[in-house]
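Undergrad: Output the structure for:
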Amino acid sequence: MEEKLRSISKITPWWLVARAVAFGAAFWLLPYGWFLAVALLLYFIPFFQPGRTGLPFLALLGITFFVPASNFWMALLLSVLMFLVLGIKDLLLINRASASEALFFTLSFVMLLLFFGYFTNPGVPGLWLTAIILALAIFFLLNHLMFHYGGEELAPGRRAVGAGVLAFFTLELIWVASILPMSQYLQTGLVLVSLVIGTEMVLESFRGALSRRSGLLYFSTWFALVILMLTANSWSIWSSAGGG
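TA: Residues are numbered from 1 along each chain as shown. This is a model prediction of the structure:
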């Protein structure tokens, strides 16, 4: 483990870390307008393949609009996301395929957490429209992931179908989770686990590496995690209904 950490420290440019930390610090300390200016400078300088991670960067900026700047831990998480964005864009991370998957899943986690944190019950106005917008964001980010890291040789239509099917099922799960009497963390976990497992299965299928055994393993893992989350929930509404 110590050797691995030393090797990572040798191949990771610390100025990349400094730029990511500057992004989080600017979000935490500066007015939002100044933060946006700093974020754009950090992304476009040096001006190298800005389109490579343009969509994830826009999603990251969208997230910053909805989270409180006073939250230190959110600022730290945003720094991690910016580290991945810049590392992939500037070709500074060696395993960019894994980094891009980590970026997509972390962006999805934050977006889902914000969604369920705001829409605490299905009666909040705008839930259905916002869920569709969130699913569309996931669709475009998934299509981007498949194009750059794992689907370059696939026809655009096939990538779009794969991303569309996953985004549609994610939308259905968001709607189901939003009406369940669960905390925002369990709701987020329920949708995120399904999205992660589904994405991994689709990517493996595109690479021709998905076997019946691995498919069964993915399904068993998903089933076990979903049961664990459903069991962990207090189900207070159902309990009170039964007691009455």
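
Undergrad: SS state for L210?
TA: With DSSP: H, G, I helix; E, B strand; the rest coil as the basis, L210 sits in coil.

Undergrad: Count the neighbours of it for me.
TA: For L210, the neighbour count with other C-beta atoms under 10 Å is 16. Where C-beta positions appear, they are placed from N, C-alpha and C, glycine not excepted.

Undergrad: Tell me who's in contact with it.
TA: By C-beta atoms under 8 Å, 6 or more residues apart in numbering, the contact list for L210 reads M201, E204.

Undergrad: at 6 Å what do you get?
TA: By C-beta atoms under 6 Å, 6 or more residues apart in numbering, the contact list for L210 reads E204.

Undergrad: roughly how far apart are it and L203?
TA: Distance, L210 to L203, by C-beta to C-beta, to the nearest Å: 9 Å.

Undergrad: What are the structural domain limits within the chain?
TA: The chain breaks down by automatic domain parsing into domains covering 1-94, 97-234.

Undergrad: Save those as CSV, and put in mean pLDDT too.
TA: Output for these, formatted as CSV (pLDDT from 0 to 100):
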stretch, mean pLDDT
domain 1-94, 83
domain 97-234, 88
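
Undergrad: Touching, M182 and N233? I think so.
TA: Yes - if you go by C-beta atoms under 6 Å, M182 and N233 touch, sitting 5.0 Å apart.

Undergrad: Mind checking which of those two has more residues around it?
TA: Between M182 and N233, M182 has the larger neighbour count (other C-beta under 10 Å), namely 22 against 15.

Undergrad: On the three-state scheme, the more buried one is what?
TA: coil.

Undergrad: Now do the helices in the chain.
TA: 2-11, 14-29, 32-44, 54-66, 72-89, 96-118, 127-148, 156-179, 184-206, 212-232, 236-243 (DSSP state H).
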